[in-house]
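Engineer: please find the sequence and the predicted model below.
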Amino acid sequence: MTTTGVPEIEDSSGNVFADLGFEDPEGELARANLAIAVAKIIDERGWTEEEAAAALGLERTEVSAIVGGRLEDYSIERLMRLLTRLNRDVRIVVALAPRPEWEGSLSVQLPA
């Protein structure tokens, strides 16, 4: 709070998980973006959770968890495998980091 009683507003880093202090914010954001891609495909196909579960070889509750963003049981690898089952290519690109301190990053780019 400021001296006027108004809360201070901070700019976002662009990664809500970093802003909230998660241990691996880039990994968390990557998982979230992969889950968003899965949920978007399910929605585009007009599937119920039961239909999506049957297509993905999951339980309905697992589809519900992914669509609802409850991802603690879902690794990046597992979410990528689900996307390939949904007829999507998942590409991993390894490139030299452009930062002078040579620290790399992890990101997931979603299709437009």
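Structural biologist: Yep, that arrived. Since this is a predicted model, take the numbers as computed values, not measurements.
Engineer: residue nearest the centroid of this protein?
Structural biologist: Geometric centre of the chain, nearest residue: residue 32, 1.6 Å, by C-alpha atoms, centre = their mean.
Engineer: let's verify that residue: helix, strand, or coil?
Structural biologist: Secondary structure, DSSP: H, G, I helix; E, B strand; the rest coil: residue 32 is helix.
Engineer: ok, it touching residue 71?
Structural biologist: Yes - if you go by C-beta atoms under 8 Å, residue 32 and residue 71 touch, sitting 6.8 Å apart. To be clear about C-beta, it is placed using only N, CA and C from the backbone, and glycine gets the same treatment.
Engineer: and the lowest-mean-pLDDT helix or strand in the chain, what's buried?
Structural biologist: None of the helices or strands of the chain scores lower by mean pLDDT, DSSP states H and E than helix 16-19, at a mean of 88. Residues of helix 16-19 classed as buried: residue 17 (neighbour count, 16 or more other C-beta atoms under 10 Å).
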